[in-house]
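Peer 1: For reference, the sequence and a predicted model appear below.
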Amino acid sequence: MLAIEVGGLRKSYAGVEAVRDLSFVVEEGEVVAVLGPNGAGKTTTVEILEGYRDRDGGDVKVLGFDPAHGGAEYRARIGIVLQGGGFDPFLTVREMLTMYGGYYPAPRAVDEVVELVGLTEKAESRVRTLSGGQQRRLDLGLGLIGDPQLLFLDEPTTGFDPSARRHAWDLVRRMCVLGKTVLLTTHYMEEAQALADRVVVIAAGEKVAEGTPESIGGRATADVVIRFVLPASARVSDLPVAASEEGGRVAVVRTSTPTPVLHELTAWVLGRNEELVGLTVERPSLEDVYLELTGDDRTNDA
Amino acid sequence: MTAVVAATYRQIRWERKLFWRNPASAGFTFAFPLMFLVIFGAIYGNDRVRLAHGTARYAQYYVPAIVAFGVISACYSNLAFSISIRRERGVLKRVRGTPLSPTAYLAGIVGNAVIVSAILTALTIALGLTAYGITLPHRYLGLLVTVALGAICFTACGAAVATFIPNEDSAPAIVNFVLFPLLFISGTFGTISSTSFVGRIAAVFPVRHLVKQLTAVFDPSISGSGISLVHVAVLLAWAVFAIAVAAARFKWEPAQR
């Protein structure tokens, strides 16, 4: 069953197209990342799905609702984790979760949410005394308090240091264990790779690729790059496979069939009673793919 | 409908908690008008003035002006601040993403302002009765109607002005820039003649009518309920106008930065 269906979505601001003809779907229980550089249209897309913005064209269906006209019934079934802010600084963590829980027909227990987001020790503290990372955890708690079927996470770790980011990822993974459908936006490749079942890459308001983090942009089938330092007595032309030479006598072999090529290379070097020093076998990283997919837009992106 | 009423009731309770959680802010909301009353007493004295039938303390005329000032602070200033600041801090956006009825949320803010107005009115009158020797002319219906009408009109004006405040830093400047000239020309801090140039300008705005209406409610030299249809009509007209402006311009999201 589909949780989100987006077809031909369009949105312009003052004549500038922020989103053009965007289509994708999210299955129930799936974690999907919308990945793209700043200004690619990620937030606009998510805010249309959340019901904050009207669209100019296209079809959008979320949990069977049109978000633009879903009203309270729709909002009771989604959880929104904002890009920070929107706190009542003088309430305690527990009070804020209690207040927001009261807005939903069937909220989660406050204690359970406090524990889930790791704020047990801060439950009685005023929100204004929380650190940045703790506030983001409260953000997540507020997104979960209504026990939503679907959770929207808009750039959940922007501005985090690496350890805070890993902690936040753990929290999001716990959401997945709860069986929630999650739509997250991010401009970090590692984040998409760490969390998402599927990635939708957008640039300049258009979808440029879609797939699992392993396969996106032809990653699974792309050429593998084998590198090693040439043995002292050998030249590139001596190798049993076609190769080129980089600086520092590093041989580079590109192949779509790495298993037989490696087999030939290792047989050859063993026959010479030598070693393939500095041997590496690499596929293009998600980052390489991402930069290639969105590269044109990076230069003219503000 | 009952769900909205229940949600409004809960929201008013949260708003009251939020209000008292910031004692510095809550304290000054009450202290400010009362301080003005004390300062007036010090500046103008509190002589007896001769009326057609008997006499009255001078404070009989500035206590109602301070009641008006209190209602205006609790309603207009409070709403203009809280709505604009919450909008810019993303609180309104967060609330808009929940199933809570927007009506219940806004009614919660208005409800708290009305409660604060009622407390402030009672405190000001109590201080007038105990320290300044004023008399209560027992026009309770007139007092209730006037304070309620003032609260409606000035919460609406606060909500309308909030839509013109571009960011939280500018809120105090804009709120007071609109309010203080009107307070002065409306005779809140000293008598202004209705036939003077300033008095005629003030007559266009609601502050003047709330001050005069409250003064009439407390005036021992007149008979009847003290309610004047002109004052009521002007306050209502401003309420309708302000609600229309607020409704047309209201935004739940921070201005794009």
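Peer 2: Structure's in. What do you need?

Peer 1: if I look at the nearest residue in space to B:P254 that is not next to it in sequence, how far off is B:P23?
Peer 2: With sequence-adjacent residues excluded and distances taken as CB to CB, 6 or more residues apart in numbering or on different chains, B:P254 is closest to B:E88, at 4.9 Å. In this view, the C-beta of every residue, glycine as well, is placed from N, C-alpha and C. Separation of B:E88 from B:P23 (CB to CB, to the nearest Å) stands at 23 Å.

Peer 1: Between the two, point out the one with more neighbours.
Peer 2: Remark: of B:E88 and B:P23, B:E88 carries more neighbours, 22 against 10, as counted by other CB atoms under 10 Å in any protein chain shown.

Peer 1: Could you pull up the residues touching that one?
Peer 2: B:167-168, B:254-255 (CB atoms under 8 Å, 6 or more residues apart in numbering or on different chains).

Peer 1: Now name the helix or strand holding it.
Peer 2: B:E88 belongs to helix B:78-89 when elements are defined using DSSP states H and E.

Peer 1: Pop the domain breakdown of chain A in here.
Peer 2: A:2-218, A:224-282 (automatic domain parsing).

Peer 1: Would you reformat the ones you listed as TSV and include mean pLDDT, distance to chain B and mean neighbour count?
Peer 2: TSV is the format used below for these (pLDDT from 0 to 100; distance: least, CB to the nearest CB, whole Å; neighbours: other CB atoms under 10 Å in any protein chain shown):
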stretch	mean pLDDT	distance to chain B	mean neighbour count
domain A:2-218	89	4	19
domain A:224-282	88	42	14
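
Peer 1: Is the helix or strand following the helix holding B:E88 positioned near chain A?
Peer 2: Remark: after helix B:78-89, the chain's next helix or strand is helix B:91-96, criterion DSSP H and E. Yes: contact between helix B:91-96 and chain A, assessed by CB under 8 Å from any CB of the partner chain, occurs at B:91-96.

Peer 1: Next, give me the two most distant ones among those residues.
Peer 2: Largest separation among the residues of helix B:91-96 next to chain A by CB to CB: B:V91 and B:R96, giving 9.6 Å.

Peer 1: what about the nearest residue to A:R198 once chain neighbours are set aside, which helix or strand?
Peer 2: With sequence-adjacent residues excluded and distances taken as CB to CB, 6+ apart, A:R198 is closest to A:V32, at 4.9 Å. Assigned by DSSP H and E, A:V32 falls within strand A:31-35.

Peer 1: would you list every one of the helices in the stretch 1-150 of chain A?
Peer 2: Under the criterion DSSP state H, counting those that start in this stretch, helices of the stretch 1-150 of chain A are mapped to A:42-50, A:71-75, A:93-101, A:110-116, A:132-144.

Peer 1: Kindly report the same for the stretch 101-250 of chain B.
Peer 2: B:102-131, B:140-162, B:171-185, B:197-202, B:206-218, B:229-249.

Peer 1: Any figure for the gap between the residue sitting nearest the centre point of chain A and A:R219?
Peer 2: Closest to where the C-alpha atoms of chain A average out (CA atoms, centre = their mean) is A:A192, at 2.5 Å. A:A192 sits 12 Å away from A:R219, going by CB to CB.

Peer 1: same check, this time on B:Y61
Peer 2: Using CB to CB, B:Y61 is found at 82 Å from A:R219.

Peer 1: again, but for B:N176
Peer 2: 60 Å.

Peer 1: helix or strand for the residue nearest to the centre of chain A, which one?
Peer 2: For A:A192, the host element (DSSP H and E) is helix A:189-195.

Peer 1: Using CSV, write down the CA coordinates of that helix.
Peer 2: The C-alpha atoms that make up helix A:189-195 are tabulated as CSV, following Å, rounded to 0.1, in the frame of the first residue of the first chain:
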residue,chain,number,x,y,z
MET,A,189,24.7,11.6,1.3
GLU,A,190,25.8,9.7,4.4
GLU,A,191,22.5,10.5,6.0
ALA,A,192,20.5,9.1,3.1
GLN,A,193,22.8,6.1,3.0
ALA,A,194,22.5,5.5,6.7
LEU,A,195,18.8,5.8,7.0
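
Peer 1: After that helix, which helix or strand is next? Please name it.
Peer 2: From helix A:189-195 onward toward the C-terminus, using DSSP H and E, the following helix or strand is strand A:198-203.

Peer 1: looking at chain B, which helix or strand is least sure?
Peer 2: Between all helices and strands in chain B, the lowest mean by mean pLDDT, DSSP states H and E belongs to strand B:48-50, at a mean of 79.

Peer 1: got the contact list for that strand?
Peer 2: With CB under 8 Å, 6+ apart as the test, strand B:48-50 has contacts from B:55-58.

Peer 1: So which of those are in strands?
Peer 2: B:55-57 (DSSP state E).

Peer 1: Give the ChimeraX command for selecting the buried subset of these.
Peer 2: Selection of buried members from the ones in strands among the contacts of strand B:48-50 for ChimeraX, criterion 16 or more other CB atoms under 10 Å in any protein chain shown:
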select /B:56,57
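
Peer 1: just curious, which of the ones in strands among the contacts of strand B:48-50 is nearest to chain A?
Peer 2: Looking at the ones in strands among the contacts of strand B:48-50 and their distance to chain A, the nearest is B:R57, at 40.1 Å (CB to the nearest CB).

Peer 1: one step back: do you know which of the helices of the stretch 101-250 of chain B lies nearest A:R108?
Peer 2: A:R108 sits nearest to helix B:102-131 of all the helices of the stretch 101-250 of chain B, at 21.3 Å, using CB to CB.

Peer 1: which bits of the stretch 1-150 of chain B sit near chain A?
Peer 2: Neighbours of chain A within the stretch 1-150 of chain B, by CB under 8 Å from any CB: B:7, B:10, B:14, B:17-18, B:21-22, B:89-101.

Peer 1: 6 Å - rerun?
Peer 2: Remark: the part of the stretch 1-150 of chain B in contact with chain A comprises B:10, B:14, B:18, B:21-22, B:89-91, B:93-94, B:97-100, using CB under 6 Å from any CB of the partner chain.

Peer 1: Return the item of those residues having minimum pLDDT.
Peer 2: For these, the weakest pLDDT value sits at B:N22, with 87.

Peer 1: I figured it hits A:D88, correct?
Peer 2: No: contact criterion CB atoms under 6 Å: B:N22 and A:D88 do not qualify, at 10.0 Å.

Peer 1: can you pull the buried residues of stretch B:140-147?
Peer 2: Result for stretch B:140-147 [16+ other CB under 10 Å]: buried residues B:142-143, B:145-147.

Peer 1: ah, wrong one, I meant stretch B:159-177
Peer 2: Neighbour counts over stretch B:159-177 (16+ other CB under 10 Å) mark B:159-163, B:165, B:171, B:174-175 as buried.

Peer 1: Now that we have these, can you turn them into JSON lines and tack on pLDDT and distance to chain A?
Peer 2: Shown next, in JSON lines, are these (pLDDT from 0 to 100; distance: CB to the nearest CB, whole Å):
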{"residue": "B:A159", "pLDDT": "96", "distance to chain A": "19"}
{"residue": "B:A160", "pLDDT": "96", "distance to chain A": "23"}
{"residue": "B:V161", "pLDDT": "96", "distance to chain A": "22"}
{"residue": "B:A162", "pLDDT": "95", "distance to chain A": "17"}
{"residue": "B:T163", "pLDDT": "95", "distance to chain A": "18"}
{"residue": "B:I165", "pLDDT": "94", "distance to chain A": "17"}
{"residue": "B:A171", "pLDDT": "92", "distance to chain A": "16"}
{"residue": "B:I174", "pLDDT": "95", "distance to chain A": "22"}
{"residue": "B:V175", "pLDDT": "94", "distance to chain A": "20"}
